[in-house]
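# need coordinates for the following:
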Amino acid sequence: MRREVERWRNHFADLDAVAEALADELRIASSDLFGAMAERLRVKHQLSIRVLPIEVLAGVRTRLDLHARQLQLSEALDPPSRVFALARQLANEARAEIDGLVRGAGFVDRVAERFYRRHLTGYFAAAVMMPYARFLRACEATGYDLELLQRRVCAGF
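Below you'll find the predicted structure:
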């Protein structure tokens, strides 16, 4: 799995393009990224978001309950982690691109394939939160001030 990520130099242009387009749509809809993602999941994927007490999720940070049509989040997640969880769920909108990358890797080992898919899903989620061109401009404008950038894009470090 690592060799495949290194082969691509951990840059998946097709995923970046889909993520940037989605990020633009979400930011046009609202300046509240979490709210915009939650609304998209509700309207397009028929999923509601529910934050539950830590003891209810029994050590799990997120759970997709398809029966209840809910993405359940632990109250233990900080705001950036909640945004990332929603962005990971929105990676379903890049399923064709992710499936193509996974097929192209030609894994024989299903565990490696699963980890690669998980990596690509996380890559997509991060790209939605921090679209490359916009994030680079923010980095340059703030002098690469990590604390300010974390607040600006609602991300953790």
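# give the rounded mean pLDDT of whichever strand or helix holds residue 138.
Applying DSSP states H and E as the criterion places residue 138 in helix 132-142. Computed over helix 132-142, the mean pLDDT rounds to 91.
# which SSE is immediately downstream of the helix or strand where residue 50 lies?
In the assignment (DSSP H and E), residue 50 maps to strand 48-52. Counting by DSSP H and E, the next helix or strand C-terminal to strand 48-52 is helix 54-57.
# buried sites along that next one?
Across helix 54-57, burial judged by 16 or more other C-beta atoms under 10 Å covers residue 57. The way it works is simple: take the backbone N, C-alpha and C, and place the C-beta from them, glycine included.
# which stretches in the protein count as strands?
48-52, 62-65, 70-74 (DSSP state E).
# measure the residue nearest to residue 120 when sequence neighbours are not counted to residue 113 for me?
Nearest-residue entry for residue 120: residue 98, 4.8 Å, with adjacent residues in sequence omitted and distances by C-beta to C-beta, 6 or more residues apart in numbering. Distance from residue 98 to residue 113, counting by C-beta to C-beta, to the nearest Å: 11 Å.
# about what we covered before: and the strand holding residue 50, what does it pack against?
For strand 48-52, the packing partners by 3 or more C-beta pairs under 8 Å, 6 or more residues apart in numbering; DSSP states H and E come out as helix 33-45, strand 70-74.
# report the central residue of this protein.
Central residue of the chain (C-alpha atoms, centre = their mean): residue 125, 1.8 Å from the mean position.
# number of nearby residues for the closest residue to that one other than its chain neighbours?
What sits nearest to residue 125 in space, not counting adjacent residues and going by C-beta to C-beta, 6+ apart, is residue 87, at 3.6 Å. When neighbours are counted by other C-beta atoms under 10 Å, residue 87 registers 25.
# same question for the one 3 residues further on.
Applying other C-beta under 10 Å, we find 23 residues neighbouring residue 90.
# which residues does it contact?
By C-beta atoms under 8 Å, 6 or more residues apart in numbering, the contact set of residue 90 is 22, 37, 40, 41, 124, 125, 128.
# from residue 37, how far off is it?
Residue 90 is 6 Å from residue 37, where distance means C-beta to C-beta.
# hang on, the earlier thing: more neighbours, residue 98 and residue 113?
Set residue 98 next to residue 113 and count neighbours by other C-beta under 10 Å: residue 98 wins out with 23 against 17.
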